[in-house]
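S.K.: How does the following fold in three dimensions:
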Amino acid sequence: MKFKRKIAKLEDVPEAYRGQYQAEGEAFTLKDEFEIATAAEVDVTGLTNNRDTLLRENKALKEKFGDLDPAAARAAIAEVERLKGTQKTEGDRLARIEQELEAEKGRRTEADLRANKQLIKAEGQAAIIAAKGNPVLLMPFVEQRSAVIEGTLTVLQEDGKTPALDKDGRPQTLAGLISDFKSRQEYAGAFAASEAGGSGAPVGGSAPKLPPGYVASTDAAGMGANLEKIASGEVTVQGPTPA
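M.R.: Okay, here's the model as predicted:
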């Protein structure tokens, strides 16, 4: 680069060299002596290192992506990294959704079980009371022989698994199950005594006197008058006293 010995304005030379001029009247002249750094004196270590880094990076990109433009290769790598992050985030989100669905499924299953138990209890007590039976004594047997299948209360056989049928081959009802209990000797104490004696007490005798909150299983009138309290547990049915 050539420098004029005399210039009118400093702006006429690059800013880096304006210090080599000195004012002379209304103009500027070059100083008698000044130094200009040579290429060997300029510290280019940073530039050299940066250049070497770029060359190595470009070489690696070329080996990996062939003739693909280095800029395009960098963009491709950045997109792959972004997708990896997205996939991880999406995977976490799906895992959380699956956990929530499992939890909700469990809650619904528990709610269905509770609802089914309530249905069996309500229908069973109603059938037992209608047959003048003791719900406290009979409900455990009704629960063993009942299930809700596809939303329908179903009476089961004694194995507790297979749906029971009546003598006509139709699904047995709770009323039919209670009637079957009533006809069997092992359940006789869970039903009010026959009214054949007129007052509901056994023929030739009277109902035994019991403390408040109790009623004799042989006291048909007492059983009939306290069916709701028996069902709720307020009144306890007392079986026959052994001889």
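S.K.: Who are the packing partners of the longest helix anywhere in the chain?
M.R.: Taking DSSP state H as the criterion, the chain has its longest helix at helix 70-130. Judged by 3 or more CB pairs under 8 Å, 6 or more residues apart in numbering; DSSP states H and E, helix 70-130 is in contact with helix 45-65, helix 135-144, strand 146-149, strand 152-155, helix 174-182, helix 227-232. Every C-beta, even on glycine, is put in place using the N, C-alpha and C of the backbone.
S.K.: right, and the helix or strand after the fifth one?
M.R.: With elements assigned by DSSP states H and E, the helix or strand that comes after helix 174-182 is strand 214-216.
S.K.: what lines up beside that next one in the sheet?
M.R.: Strand 214-216 has its sheet partners listed here by DSSP bridges as strand 236-238 (parallel).
S.K.: Identify each buried residue in the partner strand, please.
M.R.: Buried residues in strand 236-238, counted by 16 or more other CB atoms under 10 Å: V237, Q238.
S.K.: which outside residues touch that strand?
M.R.: Contact with strand 236-238 is made by N134, V136, L137, A190, L210, G213, Y214, V215, A216, S217, M223, I230, as judged by CB atoms under 8 Å, 6 or more residues apart in numbering.
S.K.: mind giving me the domain ranges of the chain?
M.R.: Domain ranges of the chain: 1-37, 193-243, per automatic domain parsing.
S.K.: Pick out the shakiest of the ones you listed, pLDDT-wise.
M.R.: For the domains of the chain, mean pLDDT drops lowest on domain 193-243, to a mean of 63.
S.K.: Now tabulate the contacts of strand 236-238 in JSON lines and tack on distance to N116 and neighbour count.
M.R.: Listed next are the contacts of strand 236-238 as JSON lines, based on distance: CB to CB, whole Å; neighbours: other CB atoms under 10 Å:
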{"residue": "N134", "distance to N116": "23", "neighbour count": "24"}
{"residue": "V136", "distance to N116": "21", "neighbour count": "17"}
{"residue": "L137", "distance to N116": "22", "neighbour count": "18"}
{"residue": "A190", "distance to N116": "24", "neighbour count": "23"}
{"residue": "L210", "distance to N116": "36", "neighbour count": "15"}
{"residue": "G213", "distance to N116": "31", "neighbour count": "12"}
{"residue": "Y214", "distance to N116": "32", "neighbour count": "15"}
{"residue": "V215", "distance to N116": "31", "neighbour count": "25"}
{"residue": "A216", "distance to N116": "34", "neighbour count": "21"}
{"residue": "S217", "distance to N116": "30", "neighbour count": "20"}
{"residue": "M223", "distance to N116": "29", "neighbour count": "24"}
{"residue": "I230", "distance to N116": "24", "neighbour count": "23"}
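S.K.: Brilliant, that's me finished.
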